[in-house]
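> I would like the atomic coordinates for the input below:
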Amino acid sequence: MELTPINVPGKRRRSNKAAADAPRKKKKKTKSKSSRRKAREEKLPPRLEYMPLEILENIFFLSRNANLPLSSLAIGRRLSNELTRRDFFILAFESTWNRSLGVDVDGFGNTLPKDDPKLQSELLKQPFANITFILTCWDRFVMKFAESQIAQGKPFDKKHITLWGDPHNERNVKLDPEDGMLINPKKASDCFWHDYAAFRRIDLLNHENLEWFARERLEGNPAYEFQPLLQVHPKTRIPDSLLDPSTWNQEAFQKLFWLVRAGAELSPDQTWEVTLPAFRHIAPMRQSRTSLVRTPRPDKVNLAAVRLFDYLEVYDNWPMGTVQEEARIWDREGRLVDYAASEYRRRVRFGASRYRVPEVTDLKSFYVAQRLAESFARFLYRRWG
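The predicted model follows:
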């Protein structure tokens with residue numbers, strides 16, 4: 001006896017025979033993730049690192065973004081060649097250098113160049129931006145500037161302004177005085193080396209040229225005022241690494257000299273907390289084991305670095321008590337060495353064979369200590385006098 005089928009409203013069922021006879025539909029194969037990604041990338045335009053180098057360089061120059069080479073390894077490799085770096089560096093300083101070629105800062109009034117000081121600061125702290133690279137860019141810029149002047153029918157007769165006179169050692173003079181210190185458009189960096197040799201003349205200090213040193217900047221001769229060249233934007237930041245003498249080598253000091261010579265100034269956040277430890281490194285003192293008394297060591301003073309710090313006016317950011325303490329210590333040492341120097345001359349005059357004063361090396365120490373004390377005294381008079 002067969003069961004009576006019950007039909008439920010709304011439920012339509014197919015017969016089992018029809019379902020058995022119907023062929024099964026094949027499932028569509030899904031693409032793997034890698035193939036789907038590949039197909040999607042083929043439809044997209046080429047990425048930045050796959051663009052031709054000429055287009056990538058134009059994007060780099062127009063964006064003026066120094067961090068673009070850091071966006072990916074591929075872009076960094078393509079934009080890290082020497083020529084691209086040099087052209088980008090010149091582009092960042094072009095407006096400043098166009099207006100500064102052989103002209104003092106005072107010649108421009110209060111108008112600032114159009115260059116971006118943040119971009120200049122970012123480039124100057126890069127490892128590749130050493131003094132050799134900077135001077136190579138300067139040589140290339142001056143050469144192109146001279147060519148454009150000649151093409152316009154104008155002579156290139158820019159003269160170099162000797163900020164520190166001539167070097168004491170004539171072999172270091174690379175400019176011909178007979179030409180009136182004209183800048184050589186093919187080797188404009190000779191002007192820098194001329195100034196650097198004249199500036200480092202202070203390192204040759206001895207008993208034969210003490211009178212010359214007494215007339216120099218550290219004594220505060222009012223007729224000798226420092227006016228830097230405008231070769232960096234006044235708001236460009238000096239790299240913090242250059243304000244740490246413990247990391248200095250010859251190239252680092254030359255780069256700091258180039259920045260001071262170019263008119264760079266301390267940033268507002270580079271306060272006495274940065275400059276005071278640096279000064280105590282270039283003008284060291286001996287700490288007593290039994291007391292807290294600090295004894296200056298004039299024979300260990302880096303005179304060239306002290307001059308740069310003097311030009312940067314690092315004392316302006318120091319607390320008044322700190323400046324007074326440094327002036328008192330160095331003035332005391334100046335009197336001590338002054339006595340030793342007079343005693344030394346007296347003994348030499350009367351034929352003493354041997355002479356030694358503790359903590360005193362030679363006549364140079366007297367002038368070093370005295371000039372440092374006078375430098376602090378000038379600052380105190382200028383600020384609170």
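
> low-scoring stretches of the stretch 151-300 of the chain, by residue?
Low-confidence segments of the stretch 151-300 of the chain, defined by pLDDT under 70: 165-180, 202-227, 287-299.

> For it, just list every one of the strands.
285-287, 294-296 (DSSP state E, counting those that start in this stretch).

> next SSE after the last one?
Scanning forward in sequence from strand 294-296 by DSSP states H and E, the next helix or strand is helix 303-311.

> Helices of the chain, start to end?
16-21, 33-43, 53-63, 73-78, 82-100, 117-124, 131-151, 190-199, 210-214, 250-262, 272-282, 303-311, 320-349, 363-384 (DSSP state H).

> Worst mean pLDDT among the ones you listed?
Note on the helices of the chain: helix 210-214 shows the lowest mean pLDDT, a mean of 46.

> show me the contacts for residue 196.
With contacts defined as C-beta atoms under 8 Å, 6 or more residues apart in numbering, residue 196 is in contact with 254, 257. Any C-beta I mention is one placed from the backbone N, CA and C, and that applies to glycine too.

> Relative to residue 255, how far out is it?
Separation of residue 196 from residue 255 (C-beta to C-beta, to the nearest Å): 11 Å.

> again with residue 199
14 Å.

> Could you do residue 157 as well?
29 Å.

> more crowded one of those two?
residue 255 (23 against 12; other C-beta atoms under 10 Å).

> my guess is residue 306 contacts residue 280, does it?
No: counting by C-beta atoms under 8 Å, residue 306 stays clear of residue 280, with 11.5 Å between them.

> Tell me which of the two has more neighbours.
Neighbours around residue 306 and residue 280, counted as other C-beta under 10 Å, are more numerous at residue 306. The numbers are 21 against 13.

> Tell me the spacing between that one and residue 74.
47 Å.

> Residue 239 too?
Going from residue 239 to residue 74 by C-beta to C-beta gives 28 Å.

> out of the two, which sits in the busier spot?
Set residue 239 next to residue 74 and count neighbours by other C-beta under 10 Å: residue 239 wins out with 17 against 13.

> Next, find the distance separating the residue nearest to that one when sequence neighbours are not counted from residue 153.
Nearest residue to residue 239, sequence neighbours excluded (C-beta to C-beta, 6 or more residues apart in numbering): residue 125, at 4.2 Å. Applying C-beta to C-beta, the value for residue 125 to residue 153 is 41 Å.

> Kindly report the same for residue 66.
In terms of C-beta to C-beta, residue 66 sits 37 Å off from residue 153.

> Which of the two has more residues huddled nearby?
Remark: of residue 66 and residue 153, residue 66 carries more neighbours, 20 against 6, as counted by other C-beta under 10 Å.

> count of neighbours near the nearest residue to the more buried one once chain neighbours are set aside?
Residue nearest to residue 66 in three dimensions, not counting chain neighbours: residue 122, with 4.3 Å by C-beta to C-beta, 6+ apart. By the measure other C-beta under 10 Å, the count of residues near residue 122 is 17.

> Residue 122 and residue 65 touch, don't they?
No: under the criterion of C-beta under 8 Å, residue 122 is not in contact with residue 65, lying 9.2 Å apart.

> domain parsing for the protein?
Domain assignment for the chain by automatic domain parsing gives 81-200+227-265, 266-385.

> Next, the distance between the ends of the first one.
One end of domain 81-200+227-265 to the other measures 30 Å (C-alpha to C-alpha, to the nearest Å).

> Please give me every residue in contact with residue 240.
By C-beta under 8 Å, 6+ apart, the neighbours of residue 240 are 270, 274.

> how near is it to residue 247?
Taken as C-beta to C-beta, the span from residue 240 to residue 247 is 10 Å.

> Kindly report the same for residue 145.
34 Å.

> Neighbour count for the two, which is higher?
residue 145 (18 against 9).

> Find the residue closest to the more buried one in space, skipping its chain neighbours.
Closest to residue 145 by C-beta to C-beta, 6+ apart is residue 101, at 6.5 Å.

> Which residues are in contact with that neighbour?
Counting by C-beta under 8 Å, 6+ apart, the residues that residue 101 touches are 142, 145, 158, 183.

> confidence score at it?
pLDDT, residue 101: 72.

> my guess is residue 134 contacts residue 258, does it?
Yes: with contact defined as C-beta under 8 Å, residue 134 reaches residue 258; the gap is 6.3 Å.
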